[in-house]
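Engineer: Can you look at this prediction? I've put the sequence above it.
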Protein chains: 2
Amino acid sequence: MASGSAIHDATPSVRQQAVLDAVLDLMVEEGDQLTMDAVARRASCSKETLYKWFRDRDGLLTATVRWQASRVRTGQYEAHALDVAALSESLRDFATTWLGVISSRASIALNRIAIGDAASRKSNLGSIVLANGRFAIGDRLKPVLEAGRAAGLLAFDDTETAFRTFFGLVGRDVQIRLLLGDAITFDAAEIRRDAARAVEQFLALYGQPKR
Amino acid sequence: MASGSAIHDATPSVRQQAVLDAVLDLMVEEGDQLTMDAVARRASCSKETLYKWFRDRDGLLTATVRWQASRVRTGQYEAHALDVAALSESLRDFATTWLGVISSRASIALNRIAIGDAASRKSNLGSIVLANGRFAIGDRLKPVLEAGRAAGLLAFDDTETAFRTFFGLVGRDVQIRLLLGDAITFDAAEIRRDAARAVEQFLALYGQPKR
DNA sequence: CTAAAACCGTACCGTACCGTACGGTTCGCC
DNA sequence: GGCGAACCGTACGGTACGGTACGGTTTTAG
């Protein structure tokens, strides 16, 4: 039971992280040519080791999803946004980060695989991606929204509903178009514009005119 | 060159439609177990006939997407919405129909396959789904929005931007959650509520207070 | 009624890929 | 230096599936 055993839910070793990075690279470059042989070749390791560490193909994919999720987690968003400028700044940061994530090639590849996997009910990659994506950002954004409400800057009954509206205003049709292969141009400048527009619209819907 | 030849883009014969319905049934029931053998068994036809009619697996999937799209197309939405009540009624109808489509099991299965297909750049199922889904409804909704603007009920500069906002307000996180296998409860009543809320929010953002 | 075309069911081939086995090699440890 | 564990590279078995071939049957046309 040395450090190189099955990981299941522990943090992967450095070597294992290199393997998972190879998986991510392959996902991005080769699309669905994600065979165990290709991973072993790319990571310069043997298939036997892959199966020893990750049990099977599904375990490897699961570990990859978790690994990618662990590095996407950005800093906490301060919840003590007391004035409208700080609140909209927080929201803009949030929207910018989120748009950057969902338009990244790694995220697109990962979501595609998880969606294809959700079709066959043999695994739960889809729920893992959901937990680390949609629901994780919900958990991180809701305190910000509630702090805004506590400060009298926002007005809403249900935090979940308010968050989902924000989610829709930010994401719009971007994710589904990217997943379906639409060649969208989406540079940093446009992401910032979109984020600003979404926050503006959100404040127009939920902002309190004055305190 | 009798009626049973390759279809490519013509309307499929009745027998061919039955085959395509079998494909849809299999997509919904079996997820990704969509093998040519299974289709032939389900449709009570021979694989040889499948290949004769649809050339290869990809042609069969393409024809299935087109077939499903052809039956989803609902009636035209009247563009002569002259008062705000008629306009919001049109938008509500639109949102309701769209939410019903993207939450249907057939649409989910089809989008999953198209997304998995978009990963391997060997086909263009993704663009076909996009053309018949996201872009088709854009083409059908934009005249409504522009008629509303012409009547002084809506105010926006770019129709595309306004439409994408509406798209986001209606769909929010629904499609990605369903694609990733989240077990969302989404009955007709809830769809109507969501559609009404989305239209309300859209009018709050783009509606003109008076003419 | 007959002949040709279309079609069904099934067997078959080639390939791709998952998972395992095994010989050879590196590396830590005593 | 020597021993064992971990690991690399590769070869192999098993299986699933896309696509083809073929005999037998139904349908269509004249």
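Structural biologist: Ah, there it is.

Engineer: got the contact list for residue A:91?
Structural biologist: Residues in contact with residue A:91 (Cβ atoms under 8 Å, 6 or more residues apart in numbering or on different chains) are A:144, A:166, A:199, A:202-203. To be clear about C-beta, it is placed using only N, CA and C from the backbone, and glycine gets the same treatment.

Engineer: For residue A:10, grab the count of nearby residues.
Structural biologist: Using other Cβ atoms under 10 Å in any protein chain shown, residue A:10 is surrounded by 11 other residues.

Engineer: which ones are touching the residue most central in space within chain A?
Structural biologist: Compute the mean C-alpha point of chain A, and by Cα atoms, centre = their mean the closest residue is residue A:133, 3.9 Å away. For residue A:133, the contacting residues are A:69, A:101, A:111, by Cβ under 8 Å, 6+ apart.

Engineer: In JSON lines, list those residues along with pLDDT, secondary structure and distance to chain B.
Structural biologist: Listed next are the contacts of residue A:133 as JSON lines, based on pLDDT from 0 to 100; DSSP: H, G, I helix; E, B strand; the rest coil; distance: Cβ to the nearest Cβ, whole Å:
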{"residue": "A:69", "pLDDT": "88", "secondary structure": "helix", "distance to chain B": "14"}
{"residue": "A:101", "pLDDT": "94", "secondary structure": "helix", "distance to chain B": "13"}
{"residue": "A:111", "pLDDT": "96", "secondary structure": "helix", "distance to chain B": "8"}
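
Engineer: need those residues in JSON lines with distance to residue A:48 and neighbour count, can you?
Structural biologist: What follows is the contacts of residue A:133, written out as JSON lines (distance: Cβ to Cβ, whole Å; neighbours: other Cβ atoms under 10 Å in any protein chain shown):
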{"residue": "A:69", "distance to residue A:48": "27", "neighbour count": "17"}
{"residue": "A:101", "distance to residue A:48": "34", "neighbour count": "15"}
{"residue": "A:111", "distance to residue A:48": "30", "neighbour count": "24"}
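
Engineer: Pick the one among the residues you listed closest to DNA strand D.
Structural biologist: Top of the list for closeness to DNA strand D, among those and by Cβ to the nearest atom of the strand, is residue A:111 at 22.8 Å.

Engineer: Using the record's assignment, carve chain A into domains.
Structural biologist: Chain A is divided into the following domains under automatic domain parsing: A:14-70, A:77-206.

Engineer: now for these, which one comes closest to DNA strand C?
Structural biologist: domain A:14-70 (3.4 Å).

Engineer: anything in that closest one near DNA strand D?
Structural biologist: Yes: using Cβ under 7 Å from any atom of the strand, domain A:14-70 comes into contact with DNA strand D via A:15, A:40, A:44-49, A:52.

Engineer: Filter those residues down to the buried ones, ChimeraX style.
Structural biologist: Here is the ChimeraX command that selects the buried residues among the residues of domain A:14-70 next to DNA strand D (16 or more other Cβ atoms under 10 Å in any protein chain shown):
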select /A:40,45
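
Engineer: Near DNA strand C, list only the ones from the residues of domain A:14-70 next to DNA strand D.
Structural biologist: A:46-48.

Engineer: from those, which is closest to chain B?
Structural biologist: Closest approach to chain B among those (Cβ to the nearest Cβ): residue A:47, at 22.2 Å.

Engineer: And the closest one, what's its pLDDT?
Structural biologist: At residue A:47, the model reports a pLDDT of 95.

Engineer: How about it, nearest residue that isn't a chain neighbour?
Structural biologist: Counting by Cβ to Cβ, 6 or more residues apart in numbering or on different chains, residue A:47 lies nearest to residue A:40, which is 4.7 Å off, once chain neighbours are set aside.

Engineer: ok, residue A:147 to residue B:134 distance?
Structural biologist: When distance is defined by Cβ to Cβ, to the nearest Å, residue A:147 is 35 Å away from residue B:134.

Engineer: got it, and residue A:201?
Structural biologist: 20 Å.

Engineer: now residue A:126
Structural biologist: 21 Å.

Engineer: Same question for residue A:120.
Structural biologist: Applying Cβ to Cβ, the value for residue A:120 to residue B:134 is 25 Å.

Engineer: now do residue A:178
Structural biologist: To residue B:134, residue A:178 is 11 Å away according to Cβ to Cβ.

Engineer: out of those two, which sits in the more crowded spot?
Structural biologist: Taking other Cβ under 10 Å, residue A:178 and residue B:134 do not tie; residue A:178 has more neighbours (23 against 20).

Engineer: quick one: what helix or strand has the more buried one in it?
Structural biologist: Assigned by DSSP states H and E, residue A:178 belongs to helix A:174-179.

Engineer: residues in contact with that helix?
Structural biologist: By Cβ under 8 Å, 6+ apart, helix A:174-179 touches A:99, A:102-103, A:108, A:111-112, A:115, A:184, A:186, B:111, B:115, B:118, B:126, B:130, B:134, B:175-176, B:179.

Engineer: near DNA strand C, which residues of chain A show up?
Structural biologist: With Cβ under 7 Å from any atom of the strand as the criterion, chain A meets DNA strand C at residues A:33-37, A:46-48, A:51, A:56-58.

Engineer: neighbours around residue A:192, how many?
Structural biologist: Other residues close to residue A:192 by other Cβ under 10 Å number 15.

Engineer: Quick check: the nearest residue to it once chain neighbours are set aside vs DNA strand D, distance?
Structural biologist: In this structure, residue A:192 finds its nearest non-sequential neighbour in residue A:96, 6.0 Å apart by Cβ to Cβ, 6+ apart. With distances taken as Cβ to the nearest atom of the strand, to the nearest Å, residue A:96 is found 38 Å from DNA strand D.

Engineer: in which helix or strand would I find residue A:96?
Structural biologist: helix A:84-102.

Engineer: and that helix, which residues are buried?
Structural biologist: Quick answer for helix A:84-102 (16+ other Cβ under 10 Å): A:84, A:86-88, A:90-100, A:102.
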